Structure formats: C-alpha cells, structure tokens
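In: Quick one: sequence and predicted model below, then my questions.
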Amino acid sequence: MWNPLDEVVRGQKAGRPHGVTSVCSAHPLVIEAAVRQALSSGGLLLVEATSNQVDQYGGYTGMRPEDFRELVLGIAAEHGLPQERIVLGGDHLGPNRWRSLPPEQAMAEADALVAAYVRAGFTKIHLDCSFPCVGDPAPLTDDLVAERTARLVRVAEETAGPAALGLRYVIGTEVPVPGGAHETLEGMAATTPGAALLTLRRHRDAFAAHRVDDVWPRVLALVVQPGVEFDHLQVFDYRPERTAELREVLADEPHMVFEAHSTDYQTAEGLAALVAHHWAVLKVGPGLTFALREALFALAAVEDELLGPEERSGIVEVVDRRMREDPSRWQGYYNGDTARQRLARRYSYSYSDRVRYYWPDPEITAAQERLFANLVAVGIPLPLLSAHLPDQYRRVRAGALEATPRALVVDHIRDVLRDYDRACRVPDKEYV
C-alpha cells in the first residue's frame, strides 16, 4: 500500500535531493501557515503531533489523536488542500510521558498511545523508547530500546489490521530531547557510523524476535544526530565535514532515509545541505511558534500605538501573567534573576520557546482574538507595519498579501517554512 512519503525515499535513492518538512505543532495558525505553504508549493503537507501535546488523555493541548486529525483536516479543507496530499505523524511515541512509572506500566500506556494514533489515521509513526523509566538502567541499552520499539510496532500493526501496509515507521536511539535541550550545550557531535549501524542491527534482530520482520521495508527513516541542535541562546549549525561517513550508512537500505530532529533555526543553506546528504525528513516545531510569537507581539506593538490602554488586548501582559501564574513549563529553562526571567518569558529569550505551551490557555486565546478584532476595526497603517513587520510590509505593498492581522501572522510563520520548502526542493547542486 502506497504512502505519499514513499516518493521522498524514491527521490533520495535515485540521487535527487528530495525532502519533506515535518511540521511539529498543534497551533492552528502554524497549521494554517503550513497548509498555505503546501498549496503554494504544490507539495506534501506532513504535520506531526508530539506525544506530550496529544495523547490518549488529551496531552497539554487537551487533544486526543482523533481531535488533532480533525483540526488539521478541517484547516486543510477550509483552504482547499486535498486530503490525499496530507500525512499525519506521531512524534516521540513511546513511554516518555510515563517515565515516572515502572517499565511495564509505562509500556502499557505507550501501547495505548500508539494504538490511539493508528486508529485515528496517523500513518507516520516515530517510535521513541530511548528514555529510561523507573528502575531502568541508565542509559538504556540498544537491545532494550529496540525490543520495546518492536513491541510497539506489533501493537501498531495489530491495531491497523489490513491498513497496516500504509504505515511508515521511524526508529533510532540517538533521539534529541523533544523541544530542545534543557541545559546550555558546549558542543554537538554527530552520531558515529558504528553507532548507527549497531542501531540498525539491534532493531532488525528485535523485529525478527517479535515476528514483525516483514515490516522492515516500511521503516521509512532512522533518527541519527547530524550535529544540529539548539539550546537557550545558541544554534549548532550543520557542518557537512562531520557526517561524510555517517551519511553512507543507509546505502544498503533501499527503503530508508535519515530523519533530522531539532533543525529549528538552521540556515537555509544548512537545511539544503542536510537534504542533499540524505536527511530527507526535516522536523521543525519551536522555530515556528517562535515566529508566531514574534508576529503577535509585533502586532501588539502596533496596537499600542493606535489604541488607548483600556481598549488594547494586552496580549503581551496576559501571556506574561499566565506564565507567572503557572510556571511549570518554563522554570527549568529560564534561569537568572527576576528581570532576566521576565525578558525570557516576553521574548522567548531561549530558542526552546517555552511560550508555545501557553497559547491554548483560554485567557491568552481571548487576548489574541481581541488583538485581531481591534486591528481589523482600526486598520493597520502601512508605516507602522513597515516598522514592525518589514517583510510583510513589502508583500502588502506588492499586492501579494492582505494587511489583516491573521494574514500577517500566517505569512510571518511561512517565512520559516519557505526556507524549508526551498531546501526540500533544492536543485542539483554539490554540497561538501
């Protein structure tokens, strides 16, 4: 059974630097931006829900897999993107959400998580069993990670039944922490070829032991570290000279490419080089909500110039207040004194963009809606737009973009996606 992602693999194996952007966000405006970008490019829309965002209990977004599916398909239908051009993925599916439990309890929850995603129609399944549970050895061995991964493959296959032939899997033991590093990093090393080959071998053996070895040709991608990551204030850019041997590891795997996590904030040139070097799936999440926050706060600055204090949405202050009232999602990331923490909250003064966890908050949603309504009512003067969103100003002046708040925010997010889109459709070119 065909999956649209198969075309990406075929292109790579034929020597064409073909890739796909994996949009890892549950925010409706980010998803709308991705839909509009897919419509513009004529390409595929791959949207992935992460296990902490969306799970069988609702995750931090309050959405179960079927809810996320309806969100994405609804936005796509509203803008005219055909369903056959959409792939839904589950990211970091495994016991990570339940690491505080003993392994068997955590894996039982992971079984239910994977089954919920498959039942909801997700066909790209990233299985992440790389984090230890209570009582596990640390770090986990490749054998144990592979055994748990194979167990989840069996759950997915049995849940899907005849439709399992349309499932595509992603495996790997060198998986970056979802959402970026907690700590300040001093460097980032690429996976060694030996480690990557060992991961493949251990997973093959585990698939055979669990009697799912026939699934191996549907393992779409292997997650390895190409040396890209971000922490609070640094981005570690792709350095091709560090991956010369690693990128040949999948030469004998005709159905498999590499998947790159934490590609947020890479340069356009770096993204294109990753695709050319067989990292055909480029995952991006915080970088998109970082752009969302930039655009919303830029519009809030425009609003401040046009309206009195009693009429404004106060979205910047509302976000900061709600983050202070519930600090659980940023305290481990934003350190320093009170002034430094305020700067971090207000400007995502950390590439990990912890603000993204707060956008579903009802008070923040209401402030965003008021911001949009205010600016629609008064209009956005072009000189103010030029001062705060200059790229969007140029498109408005050229007649390519409406000067409405929603359109401006979506277009600013698309500026990130445009770099990814160009990288995934890079013309023949030598990267060394």
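Out: Good, I have the coordinates.
In: count of residues packed around the nearest residue to Asp361 once chain neighbours are set aside?
Out: Counting by C-beta to C-beta, 6 or more residues apart in numbering, Asp361 lies nearest to Arg322, which is 5.2 Å off, once chain neighbours are set aside. In short, each C-beta sits where N, CA and C put it, glycine included. Arg322 has 17 neighbouring residues, counting by other C-beta atoms under 10 Å.
In: Can you name the secondary structure element that comes next after the helix or strand hosting Arg322?
Out: Assessed by DSSP states H and E, Arg322 sits inside helix 315-325. With elements assigned by DSSP H and E, the helix or strand that comes after helix 315-325 is helix 338-347.
In: low-confidence ranges in the stretch 201-350 of the chain?
Out: Applying pLDDT under 70 to the stretch 201-350 of the chain flags residues 348-350.
In: which residues of it fall in helices?
Out: Assigned by DSSP state H, counting those that start in this stretch, the stretch 201-350 of the chain shows helices spanning 268-276, 286-306, 315-325, 338-347.
In: Which secondary structure elements does the shortest one sit against?
Out: Packing contacts for helix 268-276, counted by 3 or more C-beta pairs under 8 Å, 6 or more residues apart in numbering; DSSP states H and E, involve strand 279-284, helix 405-424.
In: Can you add distance to Glu294 and mean neighbour count and give these back as TSV?
Out: TSV is the format used below for these (distance: least, C-beta to C-beta, whole Å; neighbours: other C-beta atoms under 10 Å):
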stretch	distance to Glu294	mean neighbour count
strand 279-284	15	27
helix 405-424	7	22
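In: Quick one: the ones you listed as CSV, columns for distance to Glu174 too.
Out: Shown next, in CSV, are the helices and strands packed on helix 268-276 (distance: least, C-beta to C-beta, whole Å):
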stretch, distance to Glu174
strand 279-284, 13
helix 405-424, 22
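In: To Glu317, which of the ones you listed lies closest?
Out: Closest to Glu317 of those, according to C-beta to C-beta: helix 405-424, at 18.1 Å.
In: for that closest one, packing partners?
Out: Secondary-structure packing of helix 405-424 (3+ C-beta pairs under 8 Å, 6+ apart): strand 20-23, helix 28-41, helix 268-276, strand 279-284, helix 286-306, helix 362-378, helix 390-397.
In: Export those as TSV, with columns for distance to Glu245.
Out: Converted to TSV, the helices and strands packed on helix 405-424 look like this (distance: least, C-beta to C-beta, whole Å):
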stretch	distance to Glu245
strand 20-23	25
helix 28-41	33
helix 268-276	16
strand 279-284	15
helix 286-306	28
helix 362-378	47
helix 390-397	39
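In: Figure out which of those is closest to Gly11.
Out: Counting by C-beta to C-beta, Gly11 lies closest to strand 279-284 out of those; the figure is 7.8 Å.
In: Run me through the strand neighbours of the closest one, direction for each.
Out: Strand 279-284 pairs in its sheet with strand 20-23 (parallel), strand 257-260 (parallel), by DSSP bridges.
In: List the contacts of it.
Out: With contacts defined as C-beta atoms under 8 Å, 6 or more residues apart in numbering, strand 279-284 is touched by 8-9, 11-12, 18-24, 46, 48, 91, 170, 220-221, 226, 257-264, 271, 274-275, 416, 420, 423-424.
In: In PyMOL, how would I select the buried members of the residues you listed?
Out: One line in PyMOL is enough to select the buried ones among the contacts of strand 279-284; burial here means 16 or more other C-beta atoms under 10 Å:
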select buried, resi 8+9+11+12+18+19+20+21+22+23+24+46+48+91+170+220+221+226+257+258+259+260+261+262+263+264+271+274+275+416+420+423+424
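In: quick one: stretch 314-334 to chain centroid distance?
Out: Distance of stretch 314-334 from its chain centroid, counting by C-alpha atoms, centre = their mean, to the nearest Å, is 22 Å.
In: ok, the residue nearest to Tyr265 when sequence neighbours are not counted - contacts?
Out: Nearest non-adjacent residue to Tyr265, counting by C-beta to C-beta, 6+ apart: Val235, 4.4 Å away. Contacts for Val235 (C-beta under 8 Å, 6+ apart) come out as Glu229, Tyr265, Gln266, Tyr351.
In: and the first one, how far is that from Gly194?
Out: In this structure, Glu229 lies at 21 Å from Gly194, with C-beta to C-beta, to the nearest Å as the measure.
In: More neighbours: which of those two?
Out: Ranked by neighbour count (other C-beta under 10 Å), Glu229 and Gly194 place Glu229 first, with 24 against 11.
In: Report the beta-bridge partner residues of the more buried one.
Out: Here Glu229 sits in beta bridges with Phe236, going by DSSP bridges.
In: Gly43 reaches Cys424, doesn't it?
Out: Yes: using C-beta atoms under 8 Å, Gly43 is in contact with Cys424, at 7.3 Å.
In: Now list whatever residues contact both of these two.
Out: Counting by C-beta under 8 Å, 6+ apart, the common neighbours of Gly43 and Cys424 are Val20.
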